[in-house]
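Student: need a 3D model of the sequence below.
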Amino acid sequence: MSAGTGLSFGEYRLDVESGQLYRDTTPVPLTPKAFAVLQYLAARSGKLVAKEKLLDAAWRDVFVGDAVLKVTIREIRKALGDDSHAPRFIEIAHRRGYRFIAPVSTASAIPAGPPPVTGVPARIGAPRVQYAHSSNVNIAYQVVGSGPIDLVFVMGWVSHLAYFWNEPSCARFLTRLASMARLIVFDKRGTGLSHPVPVSQLPTLEQRMDDVRAVLEAAGSQRAVLLGVSEGGPLCTLFAATCPEKTAGLIAIGSYARRLIDSDYPWGQTREEREAFCSALSSNGADQWASRSARPVRRMIPSFATGGLPTSGWAPAPALRSRSRG
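Tutor: Residues are numbered from 1 along each chain as shown. This next block holds a predicted model:
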């Protein structure tokens, strides 16, 4: 579909380009997976869609059970105000699947409408970059939205505030976070738009933690929920344990307690495996990451590598990717 096209049913419109559901011109919050399932059903209006078809479409190569689909359907119903006992949009065929029963038409120009209640539009450009001073470096950060809580998003080992908002999936993810909270994002020292550091002076976890404190103070945040991805998980955990008075909650996505295997941590890599991984990245990093079919992409974002619907989080371990048909 061309930019701005989508599907229209009743008073609702699906903007496929932005991944946004609208009620008339008002954006309706919906998680990416729920949007994907709703789009799949609406595009097949009147047809019974088996559960397995929906699971394969929205969770391709990722192991999930029927319970996840049920929760997603409930989320869609809530967003649409659809009564399960007298449905207007989604009909359940017991043990068989789901059917979208409302007439659907193509919407050639979905109006942008007013921004959500938090002040964050469906698609936004890069917010203003500000700087917090921490020790002898400057940390780049942004504040988006005005929700009831502060949410600090701590990326893994690579980030760049400008490119965050240039990549559609990433921008959509951050925009959805900002629709429910006052979102604070930043580049850790030595990365992105923050102060560079020499390789010989790579920061400790404690220094990075103090950078989070500096960003919170600069943003005027007294207490925040910490959301850490990958390497950001241990950093958020250390901050929460050190500064509980400043921590309202802790969320970790695709994270870990440590990287290397140990007697009490059998899930880690051996030192040899880790060194081989780092060596591969340093010797031909561009080739490793430039292609959708590259191994790191297939491992971390399988649906992106295979051309399926985008995912918003990390993939499970490889052993969990095949769904049983029994």
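Student: list the residues that contact residue 262.
Tutor: residue 268 (CB atoms under 8 Å, 6 or more residues apart in numbering). C-beta: built from backbone N, CA, C; applies to glycine.
Student: could you number the chain from 806 rather than 1 from now on?
Tutor: That works, and once the first residue is 806, the last one we named lands at residue 1067.
Student: could you check how far residue 877 is from residue 979?
Tutor: 21 Å (CB to CB, to the nearest Å).
Student: please read the previous query as pertaining to residue 964.
Tutor: 11 Å.
Student: which stretches in the stretch 856-1005 of the chain count as strands?
Tutor: Along the stretch 856-1005 of the chain, counting by DSSP state E, counting those that start in this stretch, strands occupy 895-898, 902-905, 910-912, 935-939, 942-949, 955-959, 987-991.
Student: output those strands in TSV; the columns should cover mean pLDDT and distance to residue 997.
Tutor: As requested, the strands of the stretch 856-1005 of the chain are exported to TSV (pLDDT from 0 to 100; distance: least, CB to CB, whole Å):
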stretch	mean pLDDT	distance to residue 997
strand 895-898	92	42
strand 902-905	94	42
strand 910-912	81	37
strand 935-939	94	12
strand 942-949	94	6
strand 955-959	96	13
strand 987-991	95	8
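Student: which among these is found nearest to residue 827?
Tutor: With respect to residue 827, and counting by CB to CB, the nearest of those is strand 910-912 at 9.2 Å.
Student: residue 856 contacts residue 874, doesn't it?
Tutor: Yes - Residue 856 lies in contact with residue 874 (CB atoms under 8 Å); the separation is 6.1 Å.
Student: who's more crowded, those two?
Tutor: residue 874 (20 against 16; other CB atoms under 10 Å).
Student: dump the residue contacts of that one.
Tutor: 842, 856, 859-860.
Student: at 7 Å instead, please
Tutor: Residues near residue 874 by CB atoms under 7 Å, 6 or more residues apart in numbering: 856, 859-860.
Student: repeat that for residue 971.
Tutor: For residue 971, no residue meets the contact criterion (CB under 7 Å, 6+ apart).
Student: check the gap between it and residue 965 for me.
Tutor: 9 Å.
Student: return the distance of the strand or helix carrying residue 844 from the chain's centre.
Tutor: Using DSSP states H and E, residue 844 sits in helix 837-847. Chain-centre distance of helix 837-847: 16 Å, with CA atoms, centre = their mean, to the nearest Å.
Student: now do the buried residues in stretch 820-838.
Tutor: Residues of stretch 820-838 classed as buried by neighbour count (16 or more other CB atoms under 10 Å): 820-827, 832-838.
Student: for stretch 896-908, measure first residue to last.
Tutor: 13 Å (CA to CA, to the nearest Å).
Student: in it, what counts as buried?
Tutor: For stretch 896-908, by 16+ other CB under 10 Å, it's 896, 902-907.
Student: got the contact list for it?
Tutor: Counting by CB under 7 Å, 6+ apart, 814-815, 846-847, 849-856, 859, 878, 892-895 sit against stretch 896-908.
Student: for PyMOL, write the select line for the buried members of those residues.
Tutor: Here is the PyMOL command that selects the buried residues among the contacts of stretch 896-908 (16+ other CB under 10 Å):
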select buried, resi 814+846+847+850+854+856+859+878+892+894+895
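Student: quick one, strands of the stretch 1006-1131 of the chain?
Tutor: Using DSSP E, counting those that start in this stretch, strands in the stretch 1006-1131 of the chain cover 1029-1034, 1052-1058.
Student: please work out which of the ones you listed is packed deepest.
Tutor: When those are scored by mean count of other CB atoms under 10 Å, the highest mean neighbour count falls to strand 1029-1034 (a mean of 23).
Student: sorry, back to before: and the buried residues of stretch 896-908, which two are furthest apart?
Tutor: Checking these with CB to CB, the most distant pair is 902 and 907, at 16.6 Å.
Student: much appreciated, bye for now.
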